[in-house]
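**Student:** okay, predicted coordinates and the sequence, questions at the end:
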Amino acid sequence: MFIQNCWYVAAWDIEVPEEGMLARTLLNQPVLLYRDTQGKVVALENRCCHRGAPLHLGRKEGDCVRCMYHGLKFDPSGQCVEVPGQSQVPPKTRIRSYPVVERNRLVWIWMGNAETANPDDILDYFWHDSPQWRMKPGYIHYQANYQLIIDNLLDFSHLAWVHPTTLGTESAAELRPKIERDMNGNGTLTISRWYLDDEMPNLHKKVAQFNGKVDRWQIYQWSPPACLRMDAGSSPVGTGAPEGTRVPLALQFRHTSIQTPETENTSHYWFCQARNFELDDDSLTEKIYQSVVEAFEEDRTMIEAQQKILNLTPDRPFLPIAADAGLNQARWLIDRKLAHEADTENTN
Amino acid sequence: MFIQNCWYVAAWDIEVPEEGMLARTLLNQPVLLYRDTQGKVVALENRCCHRGAPLHLGRKEGDCVRCMYHGLKFDPSGQCVEVPGQSQVPPKTRIRSYPVVERNRLVWIWMGNAETANPDDILDYFWHDSPQWRMKPGYIHYQANYQLIIDNLLDFSHLAWVHPTTLGTESAAELRPKIERDMNGNGTLTISRWYLDDEMPNLHKKVAQFNGKVDRWQIYQWSPPACLRMDAGSSPVGTGAPEGTRVPLALQFRHTSIQTPETENTSHYWFCQARNFELDDDSLTEKIYQSVVEAFEEDRTMIEAQQKILNLTPDRPFLPIAADAGLNQARWLIDRKLAHEADTENTN
Amino acid sequence: MFIQNCWYVAAWDIEVPEEGMLARTLLNQPVLLYRDTQGKVVALENRCCHRGAPLHLGRKEGDCVRCMYHGLKFDPSGQCVEVPGQSQVPPKTRIRSYPVVERNRLVWIWMGNAETANPDDILDYFWHDSPQWRMKPGYIHYQANYQLIIDNLLDFSHLAWVHPTTLGTESAAELRPKIERDMNGNGTLTISRWYLDDEMPNLHKKVAQFNGKVDRWQIYQWSPPACLRMDAGSSPVGTGAPEGTRVPLALQFRHTSIQTPETENTSHYWFCQARNFELDDDSLTEKIYQSVVEAFEEDRTMIEAQQKILNLTPDRPFLPIAADAGLNQARWLIDRKLAHEADTENTN
């Protein structure tokens, strides 16, 4: 069971090619993504209404797509506009189309009731396409339910254990973050982690122009269904970072981690790590990207193994610890939204 | 759920070797096929009645087969004739044997009530072994339910879309076939498609001794459970083909497409494309065979992808179009036969 | 459904390394095996109580193991002794630990109620570590339910059919073993097979210092859940073997075959073939080991194929033959124990 009425990410912009089409399963539904003649992204059900053939084996014709099994042609609204061998096309000969918005290099899709889709609700990821920031987009496919990935992201104490040589330092294990909840919209958690007078993690050491102890921060918003936006960095110790000063030597990053359920047991994961320094150094972009990939593979190994263990006894409860504060709130926000959708459905 | 009381194809003759044995799952049942000392095909349950060991790991002994787990020996009727360590063999120590007939190079099997099996009901495929015709037998394994393959064969409008460069021409999309139903026996559909003053498809161009426009035909019988027999060809335009004249230059083919369910989600598919010209040109036989294989892989790609999409929401209905007339009648004939078998079972 | 309250084998001693850890699924439960600082084997649930992460991705710390997801540390009793970020560890923060005994080079585990575990009930396999015997330990993973392997071991008539060129001779098919039942404890069957004035099987020919006919024996105890111990050998014919004399030329072996269910459809299988002659000839050890491996692959091919056939119609009954006497008694002993455990559970 997934939240339906919210904006999910369907793809990075570059995953939807100018020519050709992208087939992707989202929330157990087959979705077709392509660009019309203006380059605008179209999202249709990837299932011909006639006999269920997948449209990604079909052919783009102008703004339309033609099923290459029996030739039905659909416009971007999902309406069938041609049935070979028939002079008339009944109006009900149509497939579902999904509201879709391309913004900040992400393709956002609304899988629920289209009438309630408001593009103003899409979260801001300005560092994806701002001239002040630079990043390389990343994607991982997970053999695990998306909520296990959310659990991971909402408790950074795991940095000490899963990522000791990449993202983490020992201090991550004991640090208690500040967690604030903003109940506007679907609800957003703001989690602030300050590591004062601490070591730099290896990810920072690789790119820093200075040595020694740092004041380091991870301040992130997490919003349902599965969107994380983070301000993270390291500043030479005592240069005022906690008070808001960012001296030129300070390393500043913006991080993106977003998941969309593919099925109950598999997930899509988009990420990037943007920086605001040495923007034109492509090898630095690649180095940072590879460092994050390395660390995220550490997560994937753990989470996919965890999923396998949980599958053996899916009904056994978890046992909470203090570090769960963030992830418990995230799960509560998701459950609240799911309950709301179930209520609405029952009322209608 | 499959029709039980009808003749299914189990194999091409050459698939059942002189020595050795062939194990094949048909209608979810494990079947063993081998030849007795006279070369006659025997079909037995491929499951020892003792503890379920598969007999294809066993040994042929004369007309019999011995299970190589504990040594039980079965004759072609399925009766156990030897239990090592026992002087007596109780009559109930037996496995099922299936009526089986080798005809026109096909091995036909009756999976239902053996008492109702009548070899006279087996369809005629004379072009498989007539000296006037030549063909190379083909087999495909499908990851799809057999009814999706029938749907494909009963609507040749797909030739325009799935096979534009092999079997089809554009005209296939719009052409309305004539469909006649003969309710004798299990019911047979005759579907006639005439393409007058039309292009030759590439399959014909490769072998024709003439150029230019043609009168082309596809006239086929389809009979439950899944047997297609087709007269197809191209004649120089205006040489009287529609009136029944076949001038020497005309290309004449007989085509076979037969399916047998393996499981609910997998199928066996036997096919061939026989011709009545240049019979001794083996390279031509091979060329025609390869052309059909190429085209049938186009079908398989589409149908297996369609099956995956259908699996996501198996209960969603199809949306009919005019071109479905043939396949709807085929599905109706199958459902009628299934309903009849269910009634008979309930009465007994 | 598996017997819970009995000693199962979890591993050969060498499978549990001095450093590192062994993860193994036993009776559908994930189990972690490692050695403490004294070398003593510890068996814990391989599932952190916090969020189900597998502990084999964790780290040994002294006698303890730390989960490398969020850092919980468990002692050999399963008690959590450290939760990073918490000053207190609630007593219920614990995972299951299993009674475990290392004896005769095997690691035995008790998966049921720990209070009823009595190491005195562990069977004697002295030939694994006696200075008078020599063997090489073997392990096979099976894609089949463990009871199909027991069936195989309790009816050696299959030696004539499955192993004609390795373990068996033709006489195995007809020979009726003597079967005795001892109802102490869980029950033990003693099965005695004497082949008088018979051929040597190839396994014996490969190592014998004499030729000609032999008196040959296989005398084995089988005890639930799945433990076989065998005295087997060949002696020159007429040298008194049936009366208990073992002349110096006689080949004497002790054989071990033990299974533990992994899941309903997969099994662990430990085996060895010990001898009491030419103890220091390592190439002989290897030759005997390879001969047994070759023969046991013959079994695995048959049993895994049998499992696939049984899966098609899991509820169809078997049809008994005279040779089933032993395996029927073994299945009866297992069912009796399962029924007893079900009763006990219902009473509590």
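**Tutor:** Noted; the coordinates are in hand.
**Student:** doesn't residue A:301 lie inside a strand?
**Tutor:** No: going by DSSP: H, G, I helix; E, B strand; the rest coil, the assignment for residue A:301 is helix, not a strand.
**Student:** mind listing what residue A:241 touches?
**Tutor:** A:215, A:216, A:217, A:233, A:235, A:250 (C-beta atoms under 8 Å, 6 or more residues apart in numbering or on different chains). Where you see a C-beta, it was placed from the backbone N, CA and C, and this is true even at glycine.
**Student:** in TSV: those, plus secondary structure.
**Tutor:** Output for the contacts of residue A:241, formatted as TSV (three-state DSSP):
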residue	secondary structure
A:215	strand
A:216	strand
A:217	strand
A:233	strand
A:235	strand
A:250	coil
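**Student:** helix, strand, or coil at residue A:43?
**Tutor:** strand.
**Student:** wait, isn't it in contact with residue A:32?
**Tutor:** Yes: at 7.1 Å, residue A:43 and residue A:32 qualify as touching, with contact defined as C-beta atoms under 8 Å.
**Student:** the more surrounded of those two?
**Tutor:** residue A:43 (28 against 23; other C-beta atoms under 10 Å in any protein chain shown).
**Student:** chain center to stretch A:254-262: distance?
**Tutor:** 2 Å (C-alpha atoms, centre = their mean, to the nearest Å).
**Student:** burial measure for the residue of the stretch 151-300 of chain A found nearest chain C, as a count.
**Tutor:** Per C-beta to the nearest C-beta, residue A:173 is where the stretch 151-300 of chain A lies closest to chain C, at 4.0 Å. By the measure other C-beta under 10 Å, the count of residues near residue A:173 is 21.
**Student:** let me see the contact set for it.
**Tutor:** So residue A:173 contacts A:157, A:160, A:161, C:71, C:84, C:85 (C-beta under 8 Å, 6+ apart).
**Student:** wait, a strand at residue A:246?
**Tutor:** No: assessed with three-state DSSP, residue A:246 is coil; it does not lie in a strand.
**Student:** state the pLDDT value of it.
**Tutor:** The model reports residue A:246 with a pLDDT of 93.
**Student:** so what does it look like in phi/psi?
**Tutor:** phi -120, psi 100 (degrees, to the nearest 10).
**Student:** now it. Nearest residue, chain neighbours left out?
**Tutor:** Among residues not flanking residue A:246 along the chain, residue A:252 sits closest, at 6.1 Å (C-beta to C-beta, 6 or more residues apart in numbering or on different chains).
**Student:** if I look at that neighbour, how far off is residue A:258?
**Tutor:** 21 Å (C-beta to C-beta, to the nearest Å).
**Student:** more neighbours, these two?
**Tutor:** residue A:258 (24 against 17).
**Student:** element containing that one?
**Tutor:** strand A:251-263 (DSSP states H and E).
**Student:** and the residue of the stretch 1-150 of chain A found nearest chain C, what does it touch?
**Tutor:** Using C-beta to the nearest C-beta, the closest approach of the stretch 1-150 of chain A to chain C is made by residue A:148 at 8.1 Å. Residues near residue A:148 by C-beta under 8 Å, 6+ apart: A:303, A:306, A:307, A:310.
**Student:** work out the gap between the worst-scoring helix or strand of chain A on mean pLDDT and the centre of the chain.
**Tutor:** For chain A, the helix or strand with the lowest mean confidence is helix A:202-205, at a mean of 87 (criterion: mean pLDDT, DSSP states H and E). Chain-centre distance of helix A:202-205: 24 Å, with C-alpha atoms, centre = their mean.
**Student:** packing partners for it?
**Tutor:** helix A:282-312 (3 or more C-beta pairs under 8 Å, 6 or more residues apart in numbering or on different chains; DSSP states H and E).
**Student:** what comes up buried for stretch A:232-240?
**Tutor:** Applying a neighbour-count criterion of 16 or more other C-beta atoms under 10 Å in any protein chain shown, one finds A:232, A:233, A:234, A:235, A:236, A:239 buried in stretch A:232-240.
**Student:** give me the nearest residue to the third one, chain neighbours excluded.
**Tutor:** It refers to residue A:234. residue A:214 (4.1 Å).
**Student:** what's the burial count for the one you found?
**Tutor:** Other residues close to residue A:214 by other C-beta under 10 Å number 29.
**Student:** again, but for residue A:185
**Tutor:** 11.
**Student:** helix, strand or coil for it?
**Tutor:** coil.
**Student:** which residues touch the residue nearest to it when sequence neighbours are not counted?
**Tutor:** In space, residue A:185 comes closest to residue A:121 once its chain neighbours are excluded; the distance is 6.4 Å by C-beta to C-beta, 6+ apart. Taking C-beta under 8 Å, 6+ apart, we find residue A:121 in contact with A:6, A:7, A:185.
**Student:** can you report phi and psi for residue A:121?
**Tutor:** The phi/psi pair for residue A:121 (degrees, to the nearest 10) is phi -80, psi -10.
**Student:** which residues touch the residue in the stretch 201-348 of chain A that chain B sits nearest to?
**Tutor:** Closest contact between the stretch 201-348 of chain A and chain B, by C-beta to the nearest C-beta, is at residue A:263 (9.2 Å). Under the criterion of C-beta under 8 Å, 6+ apart, the neighbours of residue A:263 are A:25, A:28.
**Student:** tell me the pLDDT of it.
**Tutor:** Reported pLDDT for residue A:263: 97.
**Student:** likewise residue A:348?
**Tutor:** 63.
**Student:** pull out the buried members of the contacts of residue A:148.
**Tutor:** Among the contacts of residue A:148, the ones that count as buried (16+ other C-beta under 10 Å) are A:303, A:306, A:307, A:310.
**Student:** need the max-distance pair from those residues.
**Tutor:** A:303 and A:310 (10.2 Å; C-beta to C-beta).
**Student:** mind checking which of the contacts of residue A:173 are in strands?
**Tutor:** Using DSSP state E, no member of those sits in strands.
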